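A.B. asks: What follows is a predicted protein model with its sequence.
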Protein chains: 2
Amino acid sequence: MTPASRAGRRPGDSGTREAILHTARRHFADLGYDRTTLRGIAADAGVDVALVSHYFGPKQRLFAEAAPLPLEPEPLLADLLEGPRETIGHRLAARVLSQTETAEGQQKITGLIRAAASEELAARQIRERVTEALLLPLAEGLGSPDARLRAALAGSQIVGLMMTRHIVGVEPLATSSAQTLAAAIGPVLQHYLTGPLAGPVTTP
Amino acid sequence: MTPASRAGRRPGDSGTREAILHTARRHFADLGYDRTTLRGIAADAGVDVALVSHYFGPKQRLFAEAAPLPLEPEPLLADLLEGPRETIGHRLAARVLSQTETAEGQQKITGLIRAAASEELAARQIRERVTEALLLPLAEGLGSPDARLRAALAGSQIVGLMMTRHIVGVEPLATSSAQTLAAAIGPVLQHYLTGPLAGPVTTP
DNA sequence: GAATGAATTCAACGAGCGTTGAGATCTTTA
DNA sequence: TAAAGATCTCAACGCTCGTTGAATTCATTC
């Protein structure tokens, strides 16, 4: 910043750091935390292993930087809470499932789930971020006393569908269209968020 | 078997094999496939590492032997399909959730999920066993044309709840009672199995 | 053009892993 | 008692991993 105080090559030139980060994201998503190796990332990014450690430090810090939320919380929450309350379940289902139509979106989600299943530290980190950025605001927007439980139940159905469909590959979920599945779980999410929680699943 | 043909010590004495298997089950459940080490199992079982390999061969074969289905398919299916169809969802939820009340039952389930998330081979194996032993018979018992999709959707909700509750530890699911959660997801399972699939979740 | 310092590579470390083969121990049968 | 064979241990192998420190390259600034 100061015009005449520091000599030497300025950082941020080659974009290699970003390339490593991008490759790391893909590897974590495809392989999970344990099976992802710094060597594999480096080779795939066309870089020496040491450069990865040099930029990001220990593997856990790289993971922390490479594992963002699979979807932006703010626009999702805005859409959900501003629209009519009777269709909130359908809109949530459609939003999430449309995310899985691109390979990249699918990778983000499966990577998060895989990491949460294998890494205790990643699980806590993911839990905190998802709870803070998605579940709590959603619960607050719902307003009901057991809103946190409702939001968490809806989340559990979403996680379960992603897990069985994209990671385990259970049929016919794996080959069903996003539309079909959105139509199937939409009413359930609606029920969790606005229906009678411990009673029969009724909607007019 | 022949009375006078083979000399030497008869096998099946010390129960060490079973001890190893029992320890392996716990380790796979707690740590997942990758983080479980033969050395860790051996140390915990008070045995040399080589003995584990000697009994079970490669790690994957040990896993295959140590990771059974978390619940017996036959009695579950019998109970579900013989009872009144209108309460099948509640009974399924209660059965599964009662399984998680003991530490051992919980371990079986989390171990299966963790393994499926990390090991491609384990995922396929689990998918085939669960599909063959649980989903398909359940779908057949239901009789409707889209029964396989229904059974799979119900399974996805169960998996999602176990994952978020016991592995990720999302609140308030983690600290809610089995009764509360059974009451919450029972109607949803009922809807998946017998309700109007793509329509609103209605039950009289 | 010389100094500077970031970007990058090279080489090596120590540790942990799954797996293997040879050998010691000990119970059972002949 | 002697042979047999299953049970179990010891020691080592080859490999991969994450991480580190020194050396090299090179664009920028003085």
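C.D. replies: That came in fine, so what should we check first? Bear in mind the structure is a predicted one, so any value in this text is a computation, not a measurement.
A.B. asks: Tell me where chain A is predicted with low confidence.
C.D. replies: A:1-14, A:68-71, A:198-204 (pLDDT under 70).
A.B. asks: OK, contacts around the residue in it that chain B sits nearest to?
C.D. replies: Using CB to the nearest CB, residue A:160 is the residue of chain A that sits closest to chain B, at 2.1 Å. All C-beta atoms are positioned from the backbone trio N, CA, C, and that covers glycine. Residues near residue A:160 by CB atoms under 8 Å, 6 or more residues apart in numbering or on different chains: B:155, B:156, B:157, B:158, B:159, B:160, B:161, B:163.
A.B. asks: Now do the strands in chain A.
C.D. replies: Remark: no strands are assigned in chain A by DSSP state E.
A.B. asks: mind listing the helices for chain A?
C.D. replies: Along chain A, counting by DSSP state H, helices occupy A:16-35, A:38-45, A:49-56, A:59-66, A:73-82, A:88-99, A:103-118, A:120-130, A:136-142, A:147-162, A:178-194.
A.B. asks: Which of those helices has the highest mean neighbour count?
C.D. replies: Across the helices of chain A, averaging neighbours per residue (mean count of other CB atoms under 10 Å in any protein chain shown) puts helix A:147-162 on top, at a mean of 24.
A.B. asks: now the angle between helix A:178-194 and that one, please.
C.D. replies: Using axes from the mean of the first three to the mean of the last three CA atoms, to 10 degrees, the inter-axis angle of helix A:147-162 relative to helix A:178-194 is 160 degrees.
A.B. asks: how about TSV for the helices of chain A, with distance to residue B:146 added?
C.D. replies: Listed next are those as TSV, based on distance: least, CB to CB, whole Å:
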stretch	distance to residue B:146
helix A:16-35	31
helix A:38-45	41
helix A:49-56	47
helix A:59-66	39
helix A:73-82	28
helix A:88-99	18
helix A:103-118	24
helix A:120-130	31
helix A:136-142	30
helix A:147-162	16
helix A:178-194	9
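A.B. asks: Out of the ones you listed, the one nearest residue B:121 is which?
C.D. replies: helix A:16-35 (12.4 Å; CB to CB).
A.B. asks: Of the contacts of residue A:160, which is the nearest to DNA strand D?
C.D. replies: Checking those against DNA strand D with CB to the nearest atom of the strand, the nearest one is residue B:163 at 24.4 Å.
A.B. asks: which residues sit in contact with that closest one?
C.D. replies: With CB under 8 Å, 6+ apart, residue B:163 has these contacts: A:113, A:116, A:117, A:156, A:159, A:160, A:163, B:113.
A.B. asks: tell me the contacts of the fifth one?
C.D. replies: Read it as residue A:159. A:113, B:160, B:163, B:164, B:168.
A.B. asks: Could you do the third one as well?
C.D. replies: By CB under 8 Å, 6+ apart, the contact list for residue A:117 reads A:32, A:123, B:32, B:113, B:114, B:117, B:118, B:163, B:167.
A.B. asks: Swap in 7 Å and give it another go.
C.D. replies: B:32, B:113, B:114, B:117, B:118, B:167 (CB atoms under 7 Å, 6 or more residues apart in numbering or on different chains).
A.B. asks: do the second one as well
C.D. replies: If you count contacts by CB under 7 Å, 6+ apart, residue A:116 has them with A:122, A:123, A:126, B:167, B:168.
A.B. asks: Make TSV from those residues and add distance to DNA strand D to it.
C.D. replies: Listed next are the contacts of residue A:116 as TSV, based on distance: CB to the nearest atom of the strand, whole Å:
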residue	distance to DNA strand D
A:122	14
A:123	18
A:126	19
B:167	22
B:168	23
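A.B. asks: Make TSV out of those and add distance to residue B:188.
C.D. replies: Formatted as TSV, these follow (distance: CB to CB, whole Å):
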residue	distance to residue B:188
A:122	28
A:123	24
A:126	24
B:167	20
B:168	19
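A.B. asks: before we move on, the earlier item: may I see the helices of chain A organised as JSON lines, with distance to DNA strand C added?
C.D. replies: Listed next are these as JSON lines, based on distance: least, CB to the nearest atom of the strand, whole Å:
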{"stretch": "helix A:16-35", "distance to DNA strand C": "3"}
{"stretch": "helix A:38-45", "distance to DNA strand C": "7"}
{"stretch": "helix A:49-56", "distance to DNA strand C": "3"}
{"stretch": "helix A:59-66", "distance to DNA strand C": "12"}
{"stretch": "helix A:73-82", "distance to DNA strand C": "31"}
{"stretch": "helix A:88-99", "distance to DNA strand C": "32"}
{"stretch": "helix A:103-118", "distance to DNA strand C": "14"}
{"stretch": "helix A:120-130", "distance to DNA strand C": "15"}
{"stretch": "helix A:136-142", "distance to DNA strand C": "37"}
{"stretch": "helix A:147-162", "distance to DNA strand C": "28"}
{"stretch": "helix A:178-194", "distance to DNA strand C": "37"}
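A.B. asks: is it true that residue A:172 touches residue B:151?
C.D. replies: No. If you go by CB atoms under 7 Å, residue A:172 and residue B:151 don't touch, sitting 9.7 Å apart.
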